[in-house]
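In: would you be able to build a 3D model of this:
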Amino acid sequence: MAPSTSDKPTFDKPLQLPLSQEDIDRINAYLRDLTPEQILSWAVEHVPGLFQTTAFGLSGLVAIDMLSKITQNPPPLIFIDTLYHFAETYELVEEVKQRYSRDVHVYKPEGCANAEEFEKRYGQKLWETDETTYDYLVKVEPARRAYEELGVKAVITGRRASQGADRANLQPIEVDSTGLVKLNPLFAWTFPFVQWYVDENKVPRNKLLDQGYRSIGDWHSTAKSADGDQGERAGRWAGKADKTECGLHVDYFKMKAAAEQKLKEKALAEPSTPAPPAAPAVETSA
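Out: Below you'll find the model as predicted:
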């Protein structure tokens with residue numbers, strides 16, 4: 001239940017960034033009692049530089065649908081095209097654009113228009129030989145480039161605490177090591193709530209969900225869930241029990257340093273290998 005009007009805290013419009021830990025705690029204390037729609041309404045009103053990053057999973061689609069009912073000017077959408085999405089995912093992107101009359105900012109790995117160009121530059125099956133560098137090149141670097149070019153200060157995510165692992169203690173709002181504000185409006189929803197909303201509101205969904213898939217990412221790292229495996233992210237990163245995130249929600253600076261070091265070593269070993277893409281400068285919130 002939301003606080004009564006008399007008890008409702010006030011916040012700057014827009015919020016003054018960077019947020020202090022005291023600010024974050026006070027905002028979370030307020031947002032924790034709100035519905036996802038109310039959290040999104042609050043964010044649209046208060047959070048500057050707000051965008052939605054989405055891979056068009058069910059939670060992200062729910063947020064897109066909710067925002068379409070809340071405002072005529074929803075936060076712009078950003079889609080990180082790793083070049084290895086399923087054909088059904090690309091079809092869904094087009095369906096969403098038509099259904100909600102939305103434009104989508106698409107960002108791909110630097111200097112690569114397709115998988116062939118990526119593999120010519122970095123080798124085949126990089127996700128098998130160096131998964132961290134792969135995640136950096138196809139997801140993290142394009143995302144940081146998008147944030148720099150578009151002036152992104154905050155992003156709406158589809159993360160939920162019920163997805164477990166690093167998300168188990170998820171809060172409505174967080175600030176990462178780069179100072180980026182992350183809004184998690186569905187943080188408290190379980191998968192049945194998400195499924196109910198999708199069905200009730202006839203939200204577009206990935207056709208692969210009707211074929212035994214539960215969580216959909218790149219085609220090479222996504223499998224149908226095994227019989228009896230009801231985990232919300234079943235089928236993602238099969239055989240890699242220690243992997244629970246794609247890279248967008250881990251420490252940016254550590255991942256960037258590790259990936260660039262490996263790319264430099266590769267470049268020295270193979271002089272014909274192009275230099276690694278330069279990541280945009282990122283200021284911390286300190």
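In: how far is stretch 14-32 from where the chain is centred?
Out: 21 Å (CA atoms, centre = their mean, to the nearest Å).
In: for that stretch, measure first residue to last.
Out: Terminal residues of stretch 14-32 are spaced 20 Å apart (CA to CA, to the nearest Å).
In: just the mean pLDDT for it, thanks.
Out: Here stretch 14-32 scores 97 as its mean pLDDT.
In: repeat for stretch 41-53
Out: 98.
In: likewise for stretch 68-88?
Out: If you average the pLDDT over stretch 68-88, you get 97.
In: for the protein, which helix is longest?
Out: helix 252-269 (DSSP state H).
In: kindly format the C-alpha coordinates of that one as PDB.
Out: Only the C-alpha atoms of helix 252-269 are listed here, as PDB (Å, rounded to 0.1, in the frame of the first residue of the first chain):
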ATOM      1  CA  TYR A 252      31.800  -2.200 -15.600                       C
ATOM      2  CA  PHE A 253      35.400  -1.100 -14.800                       C
ATOM      3  CA  LYS A 254      36.600  -4.600 -13.900                       C
ATOM      4  CA  MET A 255      35.000  -6.100 -17.000                       C
ATOM      5  CA  LYS A 256      36.400  -3.300 -19.200                       C
ATOM      6  CA  ALA A 257      39.900  -3.700 -17.800                       C
ATOM      7  CA  ALA A 258      39.900  -7.500 -18.100                       C
ATOM      8  CA  ALA A 259      38.600  -7.500 -21.700                       C
ATOM      9  CA  GLU A 260      40.900  -4.700 -23.000                       C
ATOM     10  CA  GLN A 261      43.900  -6.500 -21.400                       C
ATOM     11  CA  LYS A 262      43.100  -9.700 -23.200                       C
ATOM     12  CA  LEU A 263      42.400  -7.900 -26.500                       C
ATOM     13  CA  LYS A 264      45.800  -6.100 -26.300                       C
ATOM     14  CA  GLU A 265      47.500  -9.400 -25.600                       C
ATOM     15  CA  LYS A 266      45.800 -10.900 -28.600                       C
ATOM     16  CA  ALA A 267      46.800  -7.900 -30.800                       C
ATOM     17  CA  LEU A 268      50.400  -8.300 -29.800                       C
ATOM     18  CA  ALA A 269      50.400 -12.000 -30.500                       C
END
